[in-house]
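Student: Here is a sequence with its predicted model. Questions after.
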Amino acid sequence: MKLELDRGNGVPLTDQIVAGMESWIRSGEAHAGAKLPSIRAFAAEYGISRFPVIEAYDRLVSLGYVESRHGSGFYVSARGHAALERGGASDPRRAEDESNYIMEEFHHPGGTLKLASGFIPEAWRDMEGIAQAIRHVTRTDRLATVDYATPLGNAALREHLQARIAQLGIHVDASQVLITCGASQAVDLLVRYLLKAGDTMFVEDPGYYNLFGLLKLHGVNMVGIPRTATGPDLDTLEKELARHRPRAFFVNSVFHNPTGTVVAPSVAFRLLQLAREYDFKIIEDDIYADFQSSPSDRLAALDRLEQVVYIGGLSKTLSSSLRIGYIVADRATVKDLADIKVLTSVGGSLFAEAVALAMLERGAYHKFLERLRRRMTDALGAAARTLESSGWQLFTAPVGGKFVWARTPHIKDSQRLVECASSCGVTVAPGSYFRPHGQTSPWLRINAAYADDPRAQAFFERAMTLASDREAESEAEAKTETERASLP
């Protein structure tokens, strides 16, 4: 085996090692059971640090190409070799598995605890308030149960949404609000409107996995910009802007999915400066706005919708079934988006819009939000304390929203935690699902609303045991290599 490693091409050494060894195994030169060089020997041969080699071997194990034998070393996997002979390697991060996870998230009756779910528990919803609103609509607006909504959506509902976003400093006319079938349709309409196959769009890394699949479907090129505790990494963003001409950048300003972070004011201002300088649109996804008690700066408010298009919705709080999302933009953009909406879906649900309006008008939604925010804040604090006391590492202390982005030490690929979680009756998604091109990640998204479940608690403890075992394996391998190196 001879790999070509280039420190100057900008590709991480770990990725180069993984790609090179995959190619070597695929070539047929490696037979099942062939022993690989030790980590120390590999690092010495190529004149590099042991750390990228350790990460690369861990990744190759998780991909099924290589197996680790305790105290002996690493070998070409018979399972991975057999998969190659059938026409392809077994890759747990492949698109089909990602799609399966997305579908699995909707199977609520299943017996497993969906710890990575994007939903709040059913018991936390205002079921009685929704039922009362439905009864009110069926008594007072019978056409709402059978008719289409207008292309822009219910006028009274748009006025209520206009008033809500005014509290965030976004001052618009109701004609600048377009109601959609959830935020997902809002994203789809904007991708259709702003982009065509071959265009480039910047996305956050990690970020919204459904967006990544949608962009692939439309043939749009993605460039991932690392998400930090204060927002998109501006240094990386400026470097990538010098190399690419993106049409748009998709950003979560508040309670980012999956890290839960908020864009800092200084980052927001610089981001808007760059959008004007390089002439790209910012799609500001603010779907978790209603989880925030004290409003922070929104890009749309600072920019006054010149370079920003704003997305909001009620699905994450009020009801996922009602599917109420909305887009806020300049009038010309809203008109064009309404035309696309008519062509692709005719109209929205007049009934869902009427029920949502009833909840807003009757004050039920406001009271529900106060309870939900308190409950979610308590759950986030408890989840953070539990994870840290168990030895987990947090990306940052959660400040709101639903998610905690966390990892266990010594485990480089969170795919290894999927089976560990399953043994506790818990479903999790590896962090690679939240990365634009499925790159390996040690992180997991944890919905704090479910973190106090005994199954989640058992998983947190068992994952740390797995991490300790991995640390012991690494130390044993290092000791063995040291002893071998000292032999005459």
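Tutor: Received it, and whenever you're ready, just let me know what you need. Numbers count the residues shown, from 1 in each chain.
Student: burial count for Ala131?
Tutor: By other C-beta atoms under 10 Å, the residues close to Ala131 number 11. In this view, the C-beta of every residue, glycine as well, is placed from N, C-alpha and C.
Student: and the helix or strand hosting it, average pLDDT?
Tutor: Here Ala131 sits within helix 127-140, counting by DSSP states H and E. Across helix 127-140, pLDDT averages out at 93.
Student: could you say what helices and strands it packs with?
Tutor: helix 350-361, helix 364-390 (3 or more C-beta pairs under 8 Å, 6 or more residues apart in numbering; DSSP states H and E).
Student: now for those, which one comes closest to Val53?
Tutor: Closest approach to Val53 among the helices and strands packed on helix 127-140 (C-beta to C-beta): helix 364-390, 29.1 Å.
Student: just checking, next helix/strand downstream of the closest one?
Tutor: Trace forward from helix 364-390 with DSSP H and E and the next one is strand 393-394.
Student: partners of that next one, with directions?
Tutor: Strand pairing for strand 393-394, determined by DSSP bridges: strand 403-407 (antiparallel).
Student: What count of nearby residues applies to the nearest residue to Val355 once chain neighbours are set aside?
Tutor: Setting aside the residues directly before and after it, Val355 is nearest to Ala133 in space (C-beta to C-beta, 6 or more residues apart in numbering), at 4.8 Å. Close neighbours of Ala133, defined as other C-beta under 10 Å, add up to 25.
Student: what residues are up against Ala133?
Tutor: Counting by C-beta atoms under 8 Å, 6 or more residues apart in numbering, Ala133 touches Val355, Ala356, Ala358, Met359, Arg362, Ala364.
Student: Identify, from those residues, the entry nearest to Val61.
Tutor: Ala356 (48.4 Å).
Student: For that closest one, grab the count of nearby residues.
Tutor: 28.
Student: same question, Leu194
Tutor: Neighbour number of Leu194 under other C-beta under 10 Å is 18.
Student: tell me the contacts of it?
Tutor: Arg247, Ala248, Lys281, Ile283.
Student: Out of the residues you listed, who's the most crowded?
Tutor: Going by other C-beta under 10 Å, Ile283 tops those with 26 neighbours.
Student: now the residue nearest to Val355: how far from Ser321?
Tutor: 13 Å (C-beta to C-beta, to the nearest Å).
Student: and if you look at Ala383?
Tutor: Following C-beta to C-beta, the distance that separates Ala383 from Ser321 is 26 Å.
Student: Can you name the next helix or strand after the helix holding Ala131?
Tutor: Defined by DSSP H and E, the subsequent element after helix 127-140 is helix 155-166.
Student: so what does that next one touch, helix or strand wise?
Tutor: Using 3+ C-beta pairs under 8 Å, 6+ apart, helix 155-166 is in contact with strand 177-181, strand 308-313, strand 324-328, helix 350-361.
Student: Please save the CA atoms from stretch 436-448 in CSV.
Tutor: Presented in CSV, the C-alpha positions along stretch 436-448 are these (Å, rounded to 0.1, in the frame of the first residue of the first chain):
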residue,chain,number,x,y,z
PRO,A,436,-23.5,18.7,4.1
HIS,A,437,-21.7,15.8,2.6
GLY,A,438,-22.1,13.2,5.4
GLN,A,439,-18.6,13.8,6.8
THR,A,440,-17.8,12.0,10.0
SER,A,441,-18.7,13.8,13.2
PRO,A,442,-18.3,12.9,16.9
TRP,A,443,-21.4,14.9,17.9
LEU,A,444,-25.0,13.9,18.6
ARG,A,445,-28.2,16.1,18.5
ILE,A,446,-30.2,15.5,21.7
ASN,A,447,-33.7,16.8,22.2
ALA,A,448,-33.7,18.0,25.8
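Student: tell me which residues in that stretch are buried?
Tutor: Pro436, Gly438, Gln439, Thr440, Ser441, Pro442, Trp443, Leu444, Arg445, Ile446, Asn447, Ala448 (16 or more other C-beta atoms under 10 Å).
Student: again, but for stretch 195-215
Tutor: So, applying 16+ other C-beta under 10 Å, buried residues of stretch 195-215: 195, 199-212, 214-215.
Student: can you check stretch 301-321 too?
Tutor: 301-303, 305, 307-320.
Student: With stretch 460-472 instead?
Tutor: Judged by neighbour count (16+ other C-beta under 10 Å), stretch 460-472 contains these buried residues: Phe460, Arg462, Ala463, Met464, Leu466, Ala467, Arg470.
Student: Stretch 337-345 too?
Tutor: Leu337, Ala338, Lys341, Ser345.
Student: cool, stretch 41-51 as well?
Tutor: Phe42, Ala43, Tyr46, Ile48, Arg50.
Student: Just say helix, strand or coil for Phe119.
Tutor: coil (DSSP: H, G, I helix; E, B strand; the rest coil).
Student: If you drop the residues flanking it in sequence, what lies closest to it?
Tutor: Nearest to Phe119 is Ser320, by C-beta to C-beta, 6+ apart, at 6.4 Å.
Student: Low-confidence bits of the stretch 1-150 of the chain, can you list those?
Tutor: Applying pLDDT under 70 to the stretch 1-150 of the chain flags residues 9-10, 79-110.
Student: Share the number of residues neighbouring the residue nearest to Phe395 when sequence neighbours are not counted, please.
Tutor: Of all residues not flanking Phe395 in the chain, Trp405 sits nearest, at 3.9 Å (C-beta to C-beta, 6+ apart). By the criterion of other C-beta under 10 Å, Trp405 has 24 neighbours.
Student: quick one: contacts for Trp405?
Tutor: So Trp405 contacts Pro206, Pro258, Thr259, Gly260, Leu394, Phe395, Thr396, Trp443, Leu444, Arg445, Ile446 (C-beta under 8 Å, 6+ apart).
Student: Equivalent analysis for His160, please.
Tutor: Taking C-beta under 8 Å, 6+ apart as the criterion, His160 is in contact with Leu357, Leu360, Glu361.
Student: Equivalent analysis for Pro295, please.
Tutor: Contacts of Pro295 by C-beta under 8 Å, 6+ apart are Gln167, Leu168, Gly169.
Student: doesn't Asp297 make contact with the last one?
Tutor: Pointing back at Gly169 there. Yes - counting by C-beta atoms under 8 Å, Gly169 touches Asp297, with 7.5 Å between them.
Student: coming back round to it: for PyMOL, what selects the buried ones among the contacts of His160?
Tutor: Here is the PyMOL command that picks out the buried ones among the contacts of His160, judged by 16+ other C-beta under 10 Å:
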select buried, resi 357+360
